[in-house]
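>>> next come a sequence and a model predicted from it.
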Amino acid sequence: MSEKGQLRTRVGSVLIRAKELFPLTPLGVGLIALATLALKFIAYEELDLVLFVGGYGALALVALSFLAVGLSAIWRYFDLRRVRNAPSPKSLALETGRALPTGFQLPSRLWFPLVRTRWDWLTPNESQATQNARHGALHESVWLNARGEWDSIQRRLVIEDVFSLARISLRETSTRPVRAQPHIGALKSVPPLRAMAAGDEVGHPYGVPEGDRIDLRRYAPGDPARLIHWKAFARSRKLVVRVPERALSHADRTVAYLVSGELDEASAAAARTAIFSGALGAEWSFGADGSPGTRSPEDALRAVARSKNAESPGGGLESFLAKEEREGPVSLVLFLPPVLGAWREPVSNILRRRRSRTRVIIGIDGLRETKRGRAHRLLLKDRESGFVSAVALQQTCTELEGLRAEISIIDRKTGRVFKGVPSPKAKEPVAAKLQTAGAIS
């Protein structure tokens, strides 16, 4: 950032802090101005006793609110000092999509008149803190919308009167590490993710490992006529051509990689479930954007949390896969976002070069039929949080299918597994039936 930009940022921070410490709200300032004008130009000029009482009563109410909020802010300042000087607690493990207690609390001071205290989290920013009063204290619970890992928590305490005439905000920073994992919802397990890899087994008893034209596929313009399978055409009236059959074998190792992107929380939850459910097999490695590969479940969970803030989605996939393939053939499993993004090019390059099919897992939190406008999204923000457009999901699947990817779509809210894009209205998927054998209970 340039010096001018840094100066602008510092000035903005100072102005924000000055606004938070200014004890009167716009309503309080407006009430003072209105009462002063009424007293000066009407009450004194017209000797209106009603305006005298109303004007001075309004000024007295603002003064009382200012005094109560100021004294309460001083007490809260010392409460925060006691919390800051207390022994540092251990790291905080949270889960997105649920309101969980954090152990942070302040005296409730409900006996103090006219004043209420609330606070929220500034860091992590995608969070919502709530306070529950019990046993003479305000106990904190927090709801996180996105996974991640942070070194500290920054809170903003707001002390205000019940009429919203006076308000003071204080900030508190707790050096407590926080790690938030995506909630698994209904994903109790995932189907086995072992796939085929290029190998040295003979694919057909009359063929060699690669080269004999044993496999068949549909005829495409440009295919030589000598490769057309005329006997198959006579039976089915469909043109198919012979293609070389590639030898495939089950890979002894599975490597999985989580790619970050828009609306990727459900895919991250599927990756988290796969790590501990045994779906990756006995021998596996796991990588994610922003983290190197690992074979430890704990390190893999840490990689899932850190992937949210990765700078280049999909950028580490090529180096991770090259490192793993030095040890032999591997089965590749990708956990991808449901919406195309910056990860599109690096992932497509990998899929084009691979000889065998790649398993792709896409997590969703339900579908809506079409894309919403900005005003519609704002109005339905709480009701449709995390929903993905069926059109966007179809675009993603179409591109991946063109790269010979084997796609499974997992709905985190219901735990069901689909082969193809499910319909937003129907209970059955459009492209294929639900995999009941591999469905998640």
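Perfect, thanks for sending it.
>>> CA atoms for contacts and neighbours, from now on please.
OK.
>>> so Lys231 versus Leu216, what's the distance?
Look at Lys231 and Leu216: by CA to CA, to the nearest Å, they are 12 Å apart.
>>> apologies, that question was intended for Gly293.
38 Å.
>>> looking at the two, which is more packed in?
Gly293 (24 against 17; other CA atoms under 10 Å).
>>> buried sites along the one helix or strand the more buried one maps to?
Element membership for Gly293, per DSSP states H and E: strand 291-294. Residues of strand 291-294 classed as buried: 291, 293-294 (neighbour count, 16 or more other CA atoms under 10 Å).
>>> after the helix or strand containing Trp75, which helix or strand is next?
Assigned by DSSP H and E, Trp75 falls within helix 49-85. Toward the C-terminus, helix 49-85 is succeeded by strand 92-95 as the next helix or strand (DSSP H and E).
>>> what strands line up against the helix or strand immediately after that following strand in the chain, and which way round?
For strand 92-95, the succeeding helix or strand toward the C-terminus, using DSSP H and E, is strand 99-107. As defined by DSSP bridges, the strand partners of strand 99-107 come to strand 137-144 (antiparallel).
>>> per-domain residue ranges of this structure.
The chain breaks down into these domains under automatic domain parsing: 3-181, 210-246, 251-418.
>>> can you lay out those domains as JSON lines showing mean pLDDT and distance to Pro192?
Below are the domains of the chain laid out as JSON lines (pLDDT from 0 to 100; distance: least, CA to CA, whole Å):
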{"stretch": "domain 3-181", "mean pLDDT": "90", "distance to Pro192": "22"}
{"stretch": "domain 210-246", "mean pLDDT": "75", "distance to Pro192": "23"}
{"stretch": "domain 251-418", "mean pLDDT": "86", "distance to Pro192": "4"}
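>>> between the ones you listed, which gets nearest to Pro191?
Proximity to Pro191 (CA to CA) singles out domain 251-418 among those, at 6.3 Å.
>>> helix or strand for Ser348, which one?
helix 344-353.
>>> how about the helix or strand following that helix: buried residues?
Remark: after helix 344-353, the chain's next helix or strand is strand 358-364, criterion DSSP H and E. For strand 358-364, burial by neighbour count (16+ other CA under 10 Å) applies to 358-364.
>>> so can I have TSV of those residues showing distance to Val83?
Shown next, in TSV, are these (distance: CA to CA, whole Å):
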residue	distance to Val83
Thr358	51
Arg359	49
Val360	47
Ile361	44
Ile362	43
Gly363	40
Ile364	40
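>>> what's the closest of the residues you listed to Pro89?
Within the buried residues of strand 358-364, the smallest distance to Pro89 is 34.3 Å, found for Gly363 (CA to CA).
>>> who touches that closest one in this structure?
264-270, 335-338, 409-412 (CA atoms under 8 Å, 6 or more residues apart in numbering).
>>> out of the residues you listed, which one sits closest to Thr396?
Pro338 (6.6 Å).
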